[in-house]
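Asks: Please work out how this folds:
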Amino acid sequence: MKKLVFVLIALMFATAYAAADCVSEGGSIPVIAEPPECCEGLTLIPPMEADWVGITGYCTANCGNGACDAEIESSYNCPEDCSPDSFVDDSDTDVGTSLVEDAEEKPVTVRKPITRLHLVGSGLAISEADAFDFSHIKVVLGAVKVTATAEDNTTEEYVAKRLGVMKLDGATYHLKEIAVSGEEISAAIYGPTTADAAEPVGEIKVARFEKPEMDVWAGNMVLNDKAYNVYLLGVPRYFRIAEVVDKVGEECKNNPEDTKCKSLVSECARNTEECKARIEGYCEENTADEKCLQLKKQYCLKNAADERCRQYLKNLCEESPGQAHCRVRTVNGEQVIGINSDAVAPVTAESGETVRNLITEKVREQLNTVKNSIDEVSSRIRTGRS
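Replies: Below is the predicted model:
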């Protein structure tokens, strides 16, 4: 099992970081020779390339510290198009906007920031028929706010829209009709490249498994009538400063009587929009303020399905495992730190589009074969059989 994980990691690092060059008016962003000073003592993801890094969404090396983003961007002039908010791919196309426009009859535009990030992962899609017939797969699934303009152009409606992008050996597919239920995610696959097709070309369904080093999403995919077992290593995605202050402000807008909100804006309930704006401004200027951090944690305990919140909560557990939202267990002699589902808001099935049931009947049976597939691949790697 460990050897397979190492193979997955090696393949991910060998391909994911060269998959997309982010180009602005000034040309490609250079490789960072040395990490920014604010990253000292933090774990960097090699090889520290300063491009879009595929689905990780960072213009620069991922320091694992959201407060470090602003300094990195200022120092290395990351173009706006390279931010994870824009869902920009290597063809310089705003994938988020194109997906939303395909799904809506009215003209829409993507508003920042990301509402929720369900899945960011990179790994392998392995043919069920041949364990050595595999492809590198990267997936990002989330929801963004979109503006739907009325036909008379006089009013606007802001709604959250789920969308996703999948790259398979360089080919770009679009993910629609996304369903999230507990620790499982499924989506219909459209493309490649264009999302204009009336019918999907397949479906992907994965479930989260907590492992000592990282979360792994494992499941199945059918693409153009070919069946795959899919293994995605979860890629850490941390909150950016702008995202944090938006969530903190939203938390107080929705809970104006909260004592932490009232301690920052005494009459928060009188005008919740003004309260939200004032708290956002304060927390943006005081990122380490204890009240702002408490509000961030409070929001994340209600939204643990968001990968950014999940990573933040896990980081808090690594610092202090005794917190109520933490779950610490031992697997094969290794400590696994996870989230205590009883201490966070339950992740219920999200309403919305119905995913086309292309492989549902096979999923449960095939998930039970995951371990056997891993053992077979590991054995063939050890013996060198082709």
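Asks: which residues of the stretch 101-250 of the chain fall in strands?
Replies: 108-127, 134-149, 156-168, 171-181, 184-190, 202-210, 215-223, 226-234 (DSSP state E, counting those that start in this stretch).
Asks: Name the stretch among these that sits most buried.
Replies: Of these, the one with the most neighbours on average (mean count of other CB atoms under 10 Å) is strand 184-190, at a mean of 24. (Each C-beta comes from the backbone N, C-alpha and C, glycine too.)
Asks: just checking, what packs against that strand?
Replies: strand 171-181, strand 202-210, strand 215-223 (3 or more CB pairs under 8 Å, 6 or more residues apart in numbering; DSSP states H and E).
Asks: Could you rerun that using 7 Å?
Replies: Packing partners of strand 184-190 (3 or more CB pairs under 7 Å, 6 or more residues apart in numbering; DSSP states H and E): strand 171-181, strand 202-210.
Asks: worst average pLDDT in these?
Replies: Ranked on mean pLDDT, the bottom entry among the helices and strands packed on strand 184-190 is strand 171-181, at a mean of 88.
Asks: partner strands of that strand, parallel or antiparallel?
Replies: Next to strand 171-181 in the sheet, as set by DSSP bridges, lie strand 156-168 (antiparallel), strand 184-190 (antiparallel).
Asks: Quick one: mean pLDDT for the last one?
Replies: For strand 184-190, the mean pLDDT works out to 92.
Asks: ok, now stretch 229-242?
Replies: pLDDT averaged over stretch 229-242 gives 85.
Asks: first vs last residue of it, how far apart are they?
Replies: 37 Å (CA to CA, to the nearest Å).
Asks: Of the helices and strands packed on strand 184-190, which is nearest Asn255?
Replies: strand 171-181 (23.7 Å; CB to CB).
Asks: Put the alpha carbons of that closest one into CSV.
Replies: Only the C-alpha atoms of strand 171-181 are listed here, as CSV (Å, rounded to 0.1, in the frame of the first residue of the first chain):
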residue,chain,number,x,y,z
ALA,A,171,-7.6,16.6,-21.8
THR,A,172,-10.1,19.0,-20.0
TYR,A,173,-13.6,17.8,-19.1
HIS,A,174,-16.4,19.7,-17.4
LEU,A,175,-18.3,18.4,-14.4
LYS,A,176,-21.9,19.2,-14.0
GLU,A,177,-25.0,18.0,-12.1
ILE,A,178,-22.8,17.6,-9.0
ALA,A,179,-24.3,15.9,-6.0
VAL,A,180,-22.7,15.9,-2.5
SER,A,181,-23.9,13.6,0.2
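Asks: by how many degrees do it and strand 202-210 diverge?
Replies: Orientation check (axes from the mean of the first three to the mean of the last three CA atoms, to 10 degrees): strand 171-181 against strand 202-210 gives 60 degrees.
Asks: With Lys211 as the reference, measure out to Asn332.
Replies: 10 Å (CB to CB, to the nearest Å).
Asks: what about these two, which has more around it?
Replies: Higher neighbour count among Asn332 and Lys211: Lys211, with 17 against 9, using other CB atoms under 10 Å.
Asks: For the closest residue to the more buried one other than its chain neighbours, give its distance to Val216.
Replies: Nearest non-adjacent residue to Lys211, counting by CB to CB, 6 or more residues apart in numbering: Val336, 6.9 Å away. Val336 sits 12 Å away from Val216, going by CB to CB.
Asks: in the protein, which spans are helices?
Replies: 2-15, 69-76, 95-103, 241-254, 259-264, 272-285, 290-302, 307-319, 360-367, 370-383 (DSSP state H).
Asks: Pick out the shakiest of those helices, pLDDT-wise.
Replies: helix 95-103 (a mean of 36).
Asks: re the thing from before, in CSV: the strands of the stretch 101-250 of the chain, plus distance to Leu293.
Replies: Shown next, in CSV, are the strands of the stretch 101-250 of the chain (distance: least, CB to CB, whole Å):
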stretch, distance to Leu293
strand 108-127, 19
strand 134-149, 24
strand 156-168, 25
strand 171-181, 27
strand 184-190, 29
strand 202-210, 25
strand 215-223, 24
strand 226-234, 24
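Asks: Glu273 is nearest to which of those strands?
Replies: strand 156-168 (13.0 Å).
Asks: who touches stretch 272-279?
Replies: For stretch 272-279, contacts defined as CB atoms under 7 Å, 6 or more residues apart in numbering pick out 248-250, 252-253, 256, 261, 264-265, 268.
Asks: I'd guessed Gln294 sits against Lys260; true?
Replies: Yes: counting by CB atoms under 7 Å, Gln294 touches Lys260, with 5.5 Å between them.
Asks: Looking at these two, which is more packed in?
Replies: More crowded of Gln294 and Lys260, by other CB under 10 Å: Lys260, with 17 against 14.
Asks: Would you agree that one is in contact with Cys292?
Replies: No: counting by CB under 7 Å, Lys260 does not reach Cys292; the two are 8.8 Å apart.
Asks: Can you pull the poorly scored residue ranges out of the stretch 1-150 of the chain?
Replies: 1-114, 144-150 (pLDDT under 70).
Asks: if you set the cut-off to 90 instead, what comes out?
Replies: For the stretch 1-150 of the chain, the stretches flagged by pLDDT under 90 are 1-121, 140-150.
Asks: C-alpha coordinates for stretch 312-325, CSV please?
Replies: Extracted C-alpha coordinates of stretch 312-325, given in CSV (Å, rounded to 0.1, in the frame of the first residue of the first chain):
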residue,chain,number,x,y,z
TYR,A,312,-8.2,24.6,8.9
LEU,A,313,-9.9,22.5,11.5
LYS,A,314,-7.4,19.7,11.0
ASN,A,315,-4.5,22.1,11.5
LEU,A,316,-6.1,23.2,14.8
CYS,A,317,-6.3,19.6,15.8
GLU,A,318,-2.6,19.0,15.0
GLU,A,319,-1.8,22.0,17.3
SER,A,320,-4.2,20.8,20.0
PRO,A,321,-5.8,17.4,19.5
GLY,A,322,-8.0,17.6,22.6
GLN,A,323,-10.5,20.0,21.0
ALA,A,324,-14.0,18.7,20.7
HIS,A,325,-14.0,18.7,16.9
